[in-house]
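**Student:** need coordinates for the below:
(chains A and B)
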Amino acid sequence: MANVAYVEDVVLVDRCLEGEEAAARELFRKHRARVHACLYRVLGGNRDMDDLLQDVFIQIFQSLKSWRAEASLATWIDRIAVRVAWRYLSHRKATPPTLELVEDAVTLSLVGPGSGAAGGARKAMAREGVRRLYAAMDRLPPAARVAFALHEIEGRPMAEVATLTGASVTATKLRVWRARRALEASAAKDPVLREMLEERDA
Amino acid sequence: MSLKDRVQVEPLDDERWARIERGAVASVRPREARVRRSFAWAWGAGALAIAGVIGAVVLSGKSLRQAQEGKGTEPIVVATEAHGTKLAIDGATVEAAAETSFTVTRPNGAIDIELGRGRIELDVPHRADRAPLVVHAGDVDVIDVGTIFSVTRAEDVTVEVKEGEVQVARGGRIERVAAGQRWASPRIASATLAHAGSGSTTATTTTTSQTAIAIGTPKDQLARKHVATAPGGSGTNAVRSGSPPVRAERGTEGAESKDGASSGSDVIMDLAKAIKGEPVDPAVAVATPDFATYQAMMLHATGGTASQGLYGMARTKFAAGAAADAMQWLDAYLKRFPHGDEMEAVLWLRVRIRCQARIDDACRATAQTYLDRYPSGHRSHIAELVTNTR
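**Tutor:** Sure, this is the predicted structure:
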C-alpha cells in the first residue's frame, strides 16, 4: 500500500507546480525544521542560516518539476540541503577557530554534581565541547565533514548518507573514518573535545 | 550520549522564519512556464519516457474533446434471442450472436461494453487518438485500440483475434493476444454470470422480440425495475431503459414473486453483483498506460491533463489489484481536483472498491458521496439502493 505521506507529497508537489502559493507555504513549513536541523548539524551554528535556508527552498521550488517521485520528497529535499551546505563549506573563507583557554573548561568540568552551579557548569562544558568539535571539523575537507556530520551527528545510516551526498557507501565510510581519525587527533590535544568524543563512544 | 543529543539545534525566531519563507515562496511560479522548459530538457536529453508523456498530453487533449462530444450519452442495452444483431458505435461495429446480452456505455468518449453472456464480434477502426474500446466479461477486460476480434462469454470467456492485437486483463494480469491467437479464461464465478441476467424473467432476456435495444436514463430504469419486481408483474420489457437491472428478478422461482418481498441478504448479494457489473471508467489512453506515465502526466501537465493523470494512477492501481492504493489516490483526487472532469468516475470507483467486499457503513458512505454529487448520475440508481440497505 502506498504511503499516505507519499500520496500527500505527490499532490502537494502538483499544487506547487501549479503555482499555488498556499501549497508552497505548506511545503516550506512541512520541511523547514528538518532542513534547518540538517544544515545546523553540518555547519555547527546559525551563521548565514537565513540565506542558506532561503537558497535551499528556492532551489527546491525551482527544480520541483524534476522530482520523479521515485525517492521520497523529504530525501530529495535533504539532498538539496546537503548540496547547499557542501557548496557553502567549499566556498567560504577559512575562519580560524576562536578557542578559549582549555583550562577554564577543565575547571568547570571538575565541579561536582548536586548543586545548581554544577548543572550550569555542565551545560557550559557541553556547549564548549560542541564548539570545539565544530572548530575541529572546520579543518576537515567538506566531503569528510558533511559525511561525518550526517552520520555521527545527524544519526543517519551510512547508506542514506551515501544517497544524500551522491557517493558510494564505501566512499562514504572512508570519509567518515578519515573524519573520525582527524578529530581523534585533535582530541588528543584537547581534553574537552576528548571527553566529548569519549562520552559518545561510551 | 550520542553526538546528536549533544548538538542541540538553536531555533530561529518567527520573524526570521517569516522572512525566509517570503523569500523562498516568492520564487514559485505557475507551471505553464515550467512545462515548456521541462519538455525542452526532455527533447534535449532525448528521454524516451518523457516523449511518451508528451504523447499522452497530446492524446489527452483529443480525448477531452471526445468526452465533451460524448456527454449525455446514455447506456445502450442489447439482448438477442434466436437471431443476432449488429450495432455501430463511434465507427466500431459490434455484431452480436444469438442469445447474447451486453450493455454499451461511453464514459469520457471511450466505448465500454459489458458482455453479460453470449458472443460478440467487433470490428474496431484504429483508435490510437481516441480512448480505447474495452469489453468487460465478468472479471476479464479486453482492451482494444483497433482490430477485429470476438469475445464469447459462457461458463468461461474466450477471446479470439482476427486482425491486430488486444490486451486481456484479468486479476491484475495483462496479456497480449495477437491475430490468429485465442485466449480463454477459467470458469467465471457464478456471481458475475448472474449479472448477465440468466434468470428466466430478466428484462434483457425475456423479450418477445429477437433483439431488444434500449436507451434511457438510470432513473427511468430504477422506476421500471420497481414495476418489474412488483407481485404479479411480468418483468418483461421489449424496450427498456438504462443499464441491466440492479437485482436479478426471480420470476416464479424466487420468494419475491410469492410475497412481493425478498430477503435482505438477497438484496445485498444482488447489489454487490450490480456494483461489480457496473463498468469502471477507463483512464485516458496513453502510449504506455502504466502508473509512472500517469504520474508524470499529473506532475508535468496542467489542468485537465493533470487530473486525468491522477485518475489514471488510481485506475492502474485498481487494475493491478491494489485497491487500497487506488483508494488513496482517489481520495487525493477529491482533495486536489474537486471539480475535475473525472469526478464521477472517481466517485464510482470509490464505491466499487469500498463495496467489493461487503455492503457496510464505509461502502454506504462512498455511495452517499456519489449520490450527493450525482443524484441523476450514471450509477445513481445503484448508489441509492446501497444507501438504503441500512
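
**Student:** by contact count, what packs against the host helix or strand of residue A:90?
**Tutor:** Take DSSP states H and E as the rule and residue A:90 turns out to sit in helix A:73-91. In terms of contacts (3 or more C-beta pairs under 8 Å, 6 or more residues apart in numbering or on different chains; DSSP states H and E), helix A:73-91 is packed against helix A:4-17, helix A:21-43, helix A:49-63, helix A:142-148, helix A:158-165. For every residue, glycine as well, the C-beta is placed using N, CA and C.

**Student:** report the buried residues of it.
**Tutor:** Buried residues in helix A:73-91, counting neighbours by 16 or more other C-beta atoms under 10 Å in any protein chain shown, are found at A:73, A:76-78, A:80-86, A:88-89.

**Student:** so how far is chain B from residue A:134?
**Tutor:** 8 Å (C-beta to the nearest C-beta, to the nearest Å).

**Student:** give me the nearest residue to that residue, chain neighbours excluded.
**Tutor:** residue A:44 (3.3 Å; C-beta to C-beta, 6 or more residues apart in numbering or on different chains).

**Student:** I figured residue B:133 hits residue B:124, correct?
**Tutor:** Yes. If you go by C-beta atoms under 8 Å, residue B:133 and residue B:124 touch, sitting 5.3 Å apart.

**Student:** how about low-confidence regions in chain B?
**Tutor:** B:1-2, B:30-74, B:108-109, B:127-131, B:145-146, B:171-174, B:186-269, B:390 (pLDDT under 70).

**Student:** would you map the helices across it?
**Tutor:** Using DSSP state H, the helices of chain B run over residues B:3-6, B:14-25, B:31-45, B:48-69, B:190-194, B:218-229, B:256-259, B:264-277, B:291-300, B:303-319, B:323-336, B:343-355, B:361-373, B:380-387.

**Student:** now the residue nearest to residue A:134. Its backbone dihedrals?
**Tutor:** phi 90, psi 10 (degrees, to the nearest 10).

**Student:** residues contacting it?
**Tutor:** Residue A:44 sits next to A:130, A:133, A:134, A:137, B:7 when contact means C-beta atoms under 8 Å, 6 or more residues apart in numbering or on different chains.

**Student:** distance check, the fourth one against chain B.
**Tutor:** Taking C-beta to the nearest C-beta as the measure, residue A:137 falls 11 Å from chain B.

**Student:** number of residues surrounding the nearest residue to that residue once chain neighbours are set aside?
**Tutor:** Of all residues not flanking residue A:137 in the chain, residue A:145 sits nearest, at 5.2 Å (C-beta to C-beta, 6+ apart). Close neighbours of residue A:145, defined as other C-beta atoms under 10 Å in any protein chain shown, add up to 24.

**Student:** and for residue A:163?
**Tutor:** 18.

**Student:** ditto for the one 4 residues further on
**Tutor:** Taking other C-beta under 10 Å as the criterion, the count of residues near residue A:167 is 17.

**Student:** wait, it touches residue A:175, no?
**Tutor:** Yes. Here residue A:167 lies in contact with residue A:175, judged by C-beta under 8 Å, at a distance of 7.3 Å.

**Student:** any residues in contact with both of those two?
**Tutor:** Contacts common to residue A:167 and residue A:175, judged by C-beta under 8 Å, 6+ apart, are A:143, A:147.

**Student:** need the contact list for residue A:89.
**Tutor:** If a contact means C-beta under 8 Å, 6+ apart, then residue A:89 has A:42, A:43, A:142, A:145, A:146 as its contacts.

**Student:** try 7 Å
**Tutor:** A:142, A:145 (C-beta atoms under 7 Å, 6 or more residues apart in numbering or on different chains).

**Student:** picking that back up, can I get the buried residues of helix A:73-91 in a markdown table with distance to residue A:32 and pLDDT?
**Tutor:** Shown next, in a markdown table, are the buried residues of helix A:73-91 (distance: C-beta to C-beta, whole Å; pLDDT from 0 to 100):
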| residue | distance to residue A:32 | pLDDT |
| --- | --- | --- |
| A:73 | 13 | 92 |
| A:76 | 15 | 94 |
| A:77 | 10 | 96 |
| A:78 | 12 | 96 |
| A:80 | 13 | 96 |
| A:81 | 10 | 97 |
| A:82 | 16 | 96 |
| A:83 | 17 | 95 |
| A:84 | 14 | 95 |
| A:85 | 15 | 96 |
| A:86 | 20 | 94 |
| A:88 | 17 | 94 |
| A:89 | 21 | 94 |
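
**Student:** where do the domain boundaries of chain A fall?
**Tutor:** A:4-91, A:102-201 (automatic domain parsing).

**Student:** can you tell me the element residue A:125 falls in?
**Tutor:** Residue A:125 belongs to helix A:116-137, assigned by DSSP H and E.

**Student:** contacts for stretch A:70-88?
**Tutor:** Contacts of stretch A:70-88 (C-beta under 7 Å, 6+ apart): A:6, A:9, A:13, A:31, A:34-35, A:38-39, A:42-43, A:52, A:55-56, A:59-60, A:67, A:142, A:146, A:163-165.

**Student:** of those, which are in range of chain B?
**Tutor:** When contact is defined as C-beta under 7 Å from any C-beta of the partner chain, those meet chain B at residue A:13.

**Student:** of the contacts of stretch A:70-88, buried ones?
**Tutor:** A:9, A:13, A:31, A:35, A:38-39, A:42-43, A:52, A:55-56, A:59-60, A:67, A:142, A:146, A:163-165.

**Student:** surely residue A:173 touches residue A:158?
**Tutor:** Yes. With contact defined as C-beta atoms under 7 Å, residue A:173 counts as touching residue A:158 (6.0 Å).

**Student:** number of residues surrounding residue B:27?
**Tutor:** For residue B:27, the neighbour count with other C-beta under 10 Å is 14.

**Student:** quick one: distance of stretch A:189-201 to the chain centre.
**Tutor:** The chain centroid and the centroid of stretch A:189-201 are separated by 19 Å under C-alpha atoms, centre = their mean, to the nearest Å.

**Student:** any regions of chain A where pLDDT drops low?
**Tutor:** A:1-2, A:93-119, A:200-202.

**Student:** residue in it nearest to chain B?
**Tutor:** Here chain A gets closest to chain B at one residue, residue A:19, 3.0 Å apart by C-beta to the nearest C-beta.

**Student:** dihedrals phi and psi, that residue?
**Tutor:** Dihedral pair for residue A:19: phi 90, psi 20, per degrees, to the nearest 10.
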